[in-house]
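Colleague: sequence and predicted model, in that order:
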There are 2 protein chains.
Amino acid sequence: MTAPEQPPESTAEGRRVIDLLWNPEPPPGSRGPRPRLTLGQVVEAGIALADAAGLTQLSMRKVAAALDVGAMSLYTYVPGRDELVELMIDTVYAEHDRPAPGLGWRDRLESFVRESWALYRRHPWLLDHNQSRLPLGPNVLDVEESLYAALAAAGFTGADTVAAANFVRWQLLGAARAMIGDEAEARSTGVSYEAYWGARSSFWTTYFDSERYPTTTAIWEAGGFDDASALSLDRLLDRLLDAVDRARSAT
Amino acid sequence: MTAPEQPPESTAEGRRVIDLLWNPEPPPGSRGPRPRLTLGQVVEAGIALADAAGLTQLSMRKVAAALDVGAMSLYTYVPGRDELVELMIDTVYAEHDRPAPGLGWRDRLESFVRESWALYRRHPWLLDHNQSRLPLGPNVLDVEESLYAALAAAGFTGADTVAAANFVRWQLLGAARAMIGDEAEARSTGVSYEAYWGARSSFWTTYFDSERYPTTTAIWEAGGFDDASALSLDRLLDRLLDAVDRARSAT
DNA sequence: GACATTACCATACACTGTACGGAAAGGAGG
DNA sequence: CCTCCTTTCCGTACAGTGTATGGTAATGTC
């Protein structure tokens, strides 16, 4: 009967996460009381908390407490916890340097991998997130573009580029989860790698049967599980770049 | 002063998860009332719930309700939720067929990948778990052994076997998370892949800038993101086996 | 029959995300 | 200035979560 019922685009509640990602600080609707916070502050507080204690410890109440604000006030800035995490992810992706486009594909790919690794090291909670649906934010897309661009420079086109990018991503994520994720878990739970295995050392003498697991035993005896070296980033990089090179010349 | 204070190994509370994994049904201490359940029933109920609704929906109260038992009764059988999940994982790994050792390495590796894929498809909640610390259960170790054995048959030794196994695992997990995880998320949240992207379609017209993301745009225009085919299991297998073959002859 | 052992579980506590509705701040229009 | 509308802030509440505690009752051994 009255005004047209268009969705309240400008209200905080009505803004979807995509708008928050691409237009984080819209011109202040001049009416109500001044906001005490900015979206950026909320996101930064979330990042600080996740860096220190992990994603599972990130709660709306704790973020609010860190900002000296009531818990429900956060919902003025952010639709909910999931969206906050998406914003946190895109925000830290801004730290991911893009390689200079003048370099060759190998250097650019190496730079990409090292930057990602460093990012995961600074923000291990990124590894907890299912990376198959990364937020569609500007910084995330910038980083994806830089990966695609490096692979295009290597000669990949079309779907081959996507396949090569997935290859790089999955190796990187797998290795990072194995190494950095373990470190982070050790730090947050206080159970170190050695303590974890030490507590399970009785397993090896009590239950492990070297006749049931001959190959595993052989690898163990050959020192194949003394991983500190096998799982190094440099070694991963060597294998990764060579594999990409081979796939490149294969097409 | 009285009896030696050895840890109560035989009581339910004192049994660690390793003991539950390897010795799930110890001889009944004949004293108290008969248990109404078995550990196996508890684990199966957990698996059924996770299959139907995902790991986030798995709660002690719901598992208990499915078994028509009070929530706290579960703690007679299982130390806690985390341990229940570990037991669930090892239990479903029993479904993972081990390839006949007579076959060549290529067939065995293909069998391994297809079996893992089918397992993830039946139990997508496996993909939610951080696979870098799989439970040390008999079935998990059997599967790992079969992978190592296939790679040993391909000529890998020592740390090279571990590196190759990691390569296979990470590609497999990455692809499975991208495909199956998305399917499962769509099923449990009711938001299909198309609906998810449809809801974000305004993004492409509103925010996406083809000049900022030229390579991404070019791939898109070449149809590189029409993934249904690019992400197929067969294609993954081809690439995977070829890559292993090349790494094999490279050493 | 007394006692030791064990299974079962009601209650409670400390958390979580967030729906709801009220209070109050502050600019805009009269 | 006063009123009104918009917007921020947030106390309270609800439906969940994992699990610590401690009581009750069932069962075997002595």
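Modeller: Arrived safely. Numbering: from 1, shown residues only, chains lettered A, B, ... in the order given.
Colleague: in the stretch 101-250 of chain A, what residue is nearest DNA strand C?
Modeller: At 13.2 Å from DNA strand C, residue A:125 is the closest residue in the stretch 101-250 of chain A, using CB to the nearest atom of the strand. C-beta coordinates here come from the backbone N, C-alpha and C atoms, glycine included.
Colleague: neighbours of that residue, how many?
Modeller: 26 (other CB atoms under 10 Å in any protein chain shown).
Colleague: with residue A:127 instead?
Modeller: Residue A:127 has 20 nearby residues by other CB under 10 Å.
Colleague: ok, residue A:34 next?
Modeller: Neighbour number of residue A:34 under other CB under 10 Å is 6.
Colleague: same question, residue A:220
Modeller: Residue A:220: 17 neighbours (other CB under 10 Å).
Colleague: which residue, other than its chain neighbours, is closest to the one residue sitting closest to the centre of chain A?
Modeller: Chain A has residue A:126 as the residue nearest its centroid, 2.9 Å off, counting by CA atoms, centre = their mean. Counting by CB to CB, 6 or more residues apart in numbering or on different chains, residue A:126 lies nearest to residue A:120, which is 5.6 Å off, once chain neighbours are set aside.
Colleague: residue A:109 too?
Modeller: Once flanking residues are discounted, residue A:109 sits nearest to residue A:150: 5.0 Å by CB to CB, 6+ apart.
Colleague: test my guess that the residue nearest to residue A:126 contacts residue A:129.
Modeller: No. Counting by CB atoms under 8 Å, residue A:120 stays clear of residue A:129, with 10.9 Å between them.
Colleague: who has more neighbours, the two?
Modeller: Taking other CB under 10 Å, residue A:120 and residue A:129 do not tie; residue A:120 has more neighbours (22 against 15).
Colleague: the more buried one is in what secondary structure piece?
Modeller: Using DSSP states H and E, residue A:120 sits in helix A:105-122.
Colleague: who are the packing partners of that helix?
Modeller: Using 3 or more CB pairs under 8 Å, 6 or more residues apart in numbering or on different chains; DSSP states H and E, the elements in contact with helix A:105-122 are helix A:81-93, helix A:138-153, helix A:158-176, helix A:233-250.
Colleague: with mean neighbour count added, can I get these in JSON lines?
Modeller: Below are the helices and strands packed on helix A:105-122 laid out as JSON lines (neighbours: other CB atoms under 10 Å in any protein chain shown):
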{"stretch": "helix A:81-93", "mean neighbour count": "21"}
{"stretch": "helix A:138-153", "mean neighbour count": "21"}
{"stretch": "helix A:158-176", "mean neighbour count": "22"}
{"stretch": "helix A:233-250", "mean neighbour count": "16"}
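Colleague: of the ones you listed, which is nearest DNA strand D?
Modeller: helix A:81-93 (13.1 Å).
Colleague: close to DNA strand C, is the closest one?
Modeller: Yes. Among the residues of helix A:81-93, A:81-82 lie within reach of DNA strand C under CB under 7 Å from any atom of the strand.
Colleague: what packs against that helix?
Modeller: Here helix A:81-93 touches helix A:17-22, helix A:39-53, helix A:60-66, helix A:105-122, helix A:138-153, going by 3+ CB pairs under 8 Å, 6+ apart.
Colleague: wait, does that helix contact DNA strand D?
Modeller: No. Helix A:81-93 lies apart from DNA strand D when judged by CB under 7 Å from any atom of the strand; the minimum separation is 13.1 Å.
Colleague: ok, back up a step: ok, the residue nearest to the centre of chain A to residue A:93 distance?
Modeller: 9 Å (CB to CB, to the nearest Å).
Colleague: shared neighbours, those two?
Modeller: Taking CB atoms under 8 Å, 6 or more residues apart in numbering or on different chains as the criterion, residue A:126 and residue A:93 both touch residue A:119.
Colleague: up against DNA strand C, what does chain A have?
Modeller: Close to DNA strand C, as judged by CB under 7 Å from any atom of the strand, chain A has residues A:30-34, A:57-62, A:71-72, A:75, A:80-82.
Colleague: can I get the buried part of those residues as one PyMOL selection?
Modeller: The following PyMOL line selects those of the residues of chain A next to DNA strand C that are buried, judged by 16 or more other CB atoms under 10 Å in any protein chain shown:
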select buried, chain A and resi 58+60
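Colleague: lowest confidence element among the helices and strands of chain A?
Modeller: When each helix and strand of chain A is scored by mean pLDDT, DSSP states H and E, helix A:227-230 comes last, with a mean of 62.
Colleague: contacting residues around residue A:150?
Modeller: Residues near residue A:150 by CB under 8 Å, 6+ apart: A:99, A:105, A:108-109, A:112.
Colleague: need the contact list for the nearest residue to residue A:207 once chain neighbours are set aside.
Modeller: Nearest non-adjacent residue to residue A:207, counting by CB to CB, 6+ apart: residue B:22, 4.6 Å away. Going by CB under 8 Å, 6+ apart, residue B:22 touches A:203, A:206-207, B:137-138.
Colleague: which of the residues you listed has the largest number of neighbours?
Modeller: Ranked by neighbour count (other CB under 10 Å), the contacts of residue B:22 have residue B:137 at the top, with 23 neighbours.
Colleague: ok, stretch A:49-69 near chain B or not?
Modeller: No. Using CB under 8 Å from any CB of the partner chain, we find that stretch A:49-69 stays clear of chain B, coming within 11.7 Å at best.
Colleague: chain neighbours aside, what residue packs nearest to residue A:157?
Modeller: Nearest non-adjacent residue to residue A:157 (CB to CB, 6+ apart): residue B:222, at 6.6 Å.
Colleague: count the residues that sit near that neighbour.
Modeller: Count around residue B:222 with other CB under 10 Å applied: 15.
Colleague: that one against residue A:158, yeah?
Modeller: Yes. Judged on CB under 8 Å, residue B:222 makes contact with residue A:158 at a distance of 3.9 Å.
Colleague: where in the stretch 151-251 of chain A is pLDDT low?
Modeller: When residues are selected by pLDDT under 70, those of the stretch 151-251 of chain A lie in A:187-195, A:197-200, A:227-231, A:251.
Colleague: domain-wise, how is chain A divided?
Modeller: Taking automatic domain parsing as the criterion, chain A consists of the domains A:12-93, A:105-250.
Colleague: and the longest one, is it in reach of DNA strand D?
Modeller: Same thing as domain A:105-250. No. Domain A:105-250 lies out of reach of DNA strand D by CB under 7 Å from any atom of the strand, never closer than 12.5 Å.
Colleague: before we move on, back to that, okay, the residue nearest to residue A:109 and residue B:239: tell me how far apart.
Modeller: 19 Å.
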